[in-house]
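Asker: Next come a sequence and a model predicted from it.
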Amino acid sequence: MHYPFYRFFILLTSSLTIWACSSHPSGEDINTREDNEQVSYSEPVALDLPQIKERGKIVAITSYSPTSYFIYRGQPMGYEYELLHRLADYLGLELEIKIAYNLDNFIEMLNTGEGDIVAHGLSITKPRKQHVDFTDYHSVTRQVLIQKKPDDWRKMKLHEIEQQLIRDPLDLIGKPVHVRKNTSYFRRLQNLSQEMGGDIDIKELEGELETNEIIKKVADGEIKYTVADEHIANLNATYYRDLDVETALSFPQRLAWMVRKTSPELRKAVNEWMAGEKKETDYYVIYNKYFQNQKSFRTRVSSKYFSLTGGQISSYDDMIRQGADEIGWDWKLLASQIYQESRFDPQIESWAGAQGLMQVMPSTANALGEYDLNNPEDAIKAGVSHIKDIKQLYQDIPDSLERIKFTLATYNAGQGHVADARRLAEKHGKDPNIWTDHVDQYMLLKARKEYYSDPVVKYGFCRGEEPYNYVIDILKRYQVYSDLVKEKTEEDAVALQEG
């Protein structure tokens with residue numbers, strides 16, 4: 001991209017001024033918001049990779065945004081989401097994701113131990129480095145001004161449009177620019193004000209607003225200007241065609257993830273993983289998928305199945321809600337199970353002959369009533385009827401969540417195999433009424449001869465990994481749906497414990 005010489009000159013002199021006026025000889029930033037207001041954070045907890053591995057899972061903090069983490073057509077997606085799964089696999093750990101709904105809380109959540117790593121595109125700045133450590137950077141960007149083109153810009157000549165847009169940062173003096181507090185955008189605007197000898201009217205926004213939401217406010221005319229990293233700005237400009245994102249306000253900045261200062265081993269492991277990822281084609285495919293494929297971005301953002309705007313999981317949500325009411329489940333739990341079974345494809349058929357959205361066997365459907373399994377409404381009704389029958393088997397189990405787990409396992413593996421696993425668990429001193437870490441372990445062991453040939457086992461061999469993972473995957477996805485999918489009505493907020 002080419003820039004007029006005066007813009008390059010302004011940026012060059014601005015960069016030199018930052019170095020001359022904003023740094024001590026010691027290298028510490030001065031005259032920043034965090035220094036002036038003495039922003040304080042909790043001391044980091046002593047928790048590093050050995051303790052995380054002992055726990056068996058890594059907890060990652062990220063944002064709920066159109067690029068980091070979201071739901072699209074029932075599937076959790078996002079740049080950070082995909083990379084975090086690859087990192088967890090590399091470390092041999094389970095992954096738990098926590099959302100920072102207030103982005104100002106990233107450092108505090110990290111240092112208090114709510115999460116082990118902040119996976120978000122954060123600029124490496126000296127004020128932040130006082131409180132956390134950064135991993136090696138994963139990309140480079142720069143800050144640009146977000147502004148709206150003139151209302152009739154399509155009818156104007158290019159030079160006429162340019163005359164109405166800010167191209168020289170000096171023209172920001174006295175102008176209102178809205179950004180979140182405690183961000184590199186805020187500090188950059190402060191530095192620009194000092195460098196130019198005139199104040200930009202910096203308007204502070206609350207931390208709950210994600211950068212993409214603020215950009216939308218410019219597109220909707222609610223605010224005049226904001227600042228964003230160029231790769232995010234460019235992506236949004238493909239959707240909001242009346243936005244201009246061409247005015248650069250900084251030189252390139254490095255973006256990285258954050259870890260606690262008390263986690264040097266984790267930082268080392270993440271850096272080793274990142275170095276390996278950068279040698280793989282998949283790493284760049286993932287980046288392009290979320291930041292370069294503009295058509296896909298526009299399709300997602302405009303879709304009713306995009307969790308940040310549409311709030312629908314599938315085309316069958318209303319049918320799923322009705323079915324969930326019949327069995328007393330949160331509809332998002334039933335939706336998670338249907339996604340697991342069919343990915344919401346009503347015409348899918350398994351190798352064993354199971355059909356439709358809920359992959360019911362025709363023989364089972366015939367026993368339950370007259371159902372056309374290729375018809376989405378009938379398929380859901382058949383599956384719900386089957387679940388209602390299964391639920392009756394576990395009324396003796398006191399805990400409602402455990403009842404749900406047994407119901408899901410039985411839906412996948414059948415009543416006989418689950419009953420075998422319960423008998424094995426009881427024989428070996430485990431609780432037959434608790435699935436997790438009790439019965440599920442013996443479901444796994446039913447794949448071994450010494451267990452499936454035990455006298456208490458009546459149904460023989462079972463590939464126990466399938467029901468074991470089935471329960472885990474559905475409940476994990478249900479948690480994601482609960483976190484990310486907006487409720488259609490208040491009545492939809494049915495607690496899982498009521499299942």
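Answerer: Noted; the coordinates are in hand.
Asker: In stretch 411-428, which residues are buried?
Answerer: By 16 or more other Cβ atoms under 10 Å, the buried positions in stretch 411-428 come out as 411-413, 417-426. Placement of C-beta: from N, CA and C, glycine included.
Asker: Output those in CSV, with distance to R448 appended to each entry.
Answerer: Shown next, in CSV, are the buried residues of stretch 411-428 (distance: Cβ to Cβ, whole Å):
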residue, distance to R448
Y411, 24
N412, 19
A413, 16
H417, 14
V418, 17
A419, 18
D420, 13
A421, 12
R422, 17
R423, 16
L424, 11
A425, 15
E426, 18
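Asker: Does I313 belong to a helix, a strand or coil?
Answerer: Per DSSP: H, G, I helix; E, B strand; the rest coil, the secondary structure class of I313 is coil.
Asker: Show me which residues of stretch 329-341 are buried.
Answerer: So, applying 16+ other Cβ under 10 Å, buried residues of stretch 329-341: 329-341.
Asker: again with stretch 319-328
Answerer: M319, I320, R321, G323, A324, I327.
Asker: now, which of those residues sits nearest Q253?
Answerer: I320 (44.4 Å; Cβ to Cβ).
Asker: wait, that closest one sits on A335?
Answerer: Yes. Judged on Cβ atoms under 8 Å, I320 makes contact with A335 at a distance of 5.1 Å.
Asker: What is the burial count for the residue nearest to W257 when sequence neighbours are not counted?
Answerer: In space, and not counting its chain neighbours, W257 is closest to T135: 4.7 Å by Cβ to Cβ, 6 or more residues apart in numbering. When neighbours are counted by other Cβ atoms under 10 Å, T135 registers 21.
Asker: how much space between T135 and T62?
Answerer: 14 Å (Cβ to Cβ, to the nearest Å).
Asker: Repeat that for K155.
Answerer: On the measure of Cβ to Cβ, K155 and T62 end up 42 Å apart.
Asker: Looking at the two, which is more packed in?
Answerer: Comparing K155 with T62 by other Cβ under 10 Å, the one with more neighbours is T62, at 24 against 8.
Asker: How about that one: which residues does it bridge to?
Answerer: I99 (DSSP bridges).
Asker: Pull the contacting residues for it.
Answerer: For T62, the contact set (Cβ atoms under 8 Å, 6 or more residues apart in numbering) comprises 68-69, 78, 80-81, 84, 97-100, 118-120.
Asker: hmm, try it at 10 Å
Answerer: 68-69, 78-81, 83-84, 97-100, 106, 115, 117-120, 257 (Cβ atoms under 10 Å, 6 or more residues apart in numbering).
Asker: just the buried members of the residues you listed?
Answerer: 68-69, 78-81, 83-84, 97, 100, 106, 115, 117-120, 257.
Asker: Show me whatever sits in contact with both of I320 and A335.
Answerer: I313, S314, W329, F344.
Asker: and the residue positioned nearest the centre of the chain, bridged to which residues?
Answerer: For the chain, Y69 is the residue whose C-alpha lies nearest the centre (Cα atoms, centre = their mean; 2.2 Å). Using DSSP bridges, the bridge partners assigned to Y69 are S65.
Asker: by contact count, what packs against the helix or strand I404 falls within?
Answerer: Element membership for I404, per DSSP states H and E: helix 400-413. For helix 400-413, the packing partners by 3 or more Cβ pairs under 10 Å, 6 or more residues apart in numbering; DSSP states H and E come out as helix 331-342, helix 376-391, helix 415-427, helix 440-445, helix 465-484.
Asker: how big is the angle separating the first one from helix 376-391?
Answerer: Which is helix 331-342. 100 degrees (axes from the mean of the first three to the mean of the last three Cα atoms, to 10 degrees).
Asker: Following element in sequence after helix 331-342, please.
Answerer: Heading C-terminal from helix 331-342 (DSSP H and E), you reach helix 362-368.
Asker: got the contact list for that next one?
Answerer: Defining contact as Cβ under 10 Å, 6+ apart, one finds that helix 362-368 is touched by 349, 353-356, 358, 360-361, 371-373, 378-379, 381-386, 388-389.
Asker: Quick check: neighbours shared by T135 and T62?
Answerer: By Cβ under 10 Å, 6+ apart, the residues touching both T135 and T62 are I117, V118, A119, W257.
Asker: Now distance to L475 and pLDDT too, for those residues, in a markdown table please.
Answerer: Formatted as a markdown table, the shared contacts of T135 and T62 follow (distance: Cβ to Cβ, whole Å; pLDDT from 0 to 100):
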| residue | distance to L475 | pLDDT |
| --- | --- | --- |
| I117 | 23 | 98 |
| V118 | 25 | 98 |
| A119 | 22 | 97 |
| W257 | 27 | 97 |
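Asker: Now flag whichever of these is closest to K449.
Answerer: I117 (42.1 Å).
Asker: rewinding a little: distance to F291 added to the helices and strands packed on helix 400-413, as CSV?
Answerer: Formatted as CSV, those follow (distance: least, Cβ to Cβ, whole Å):
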stretch, distance to F291
helix 331-342, 26
helix 376-391, 35
helix 415-427, 45
helix 440-445, 39
helix 465-484, 20
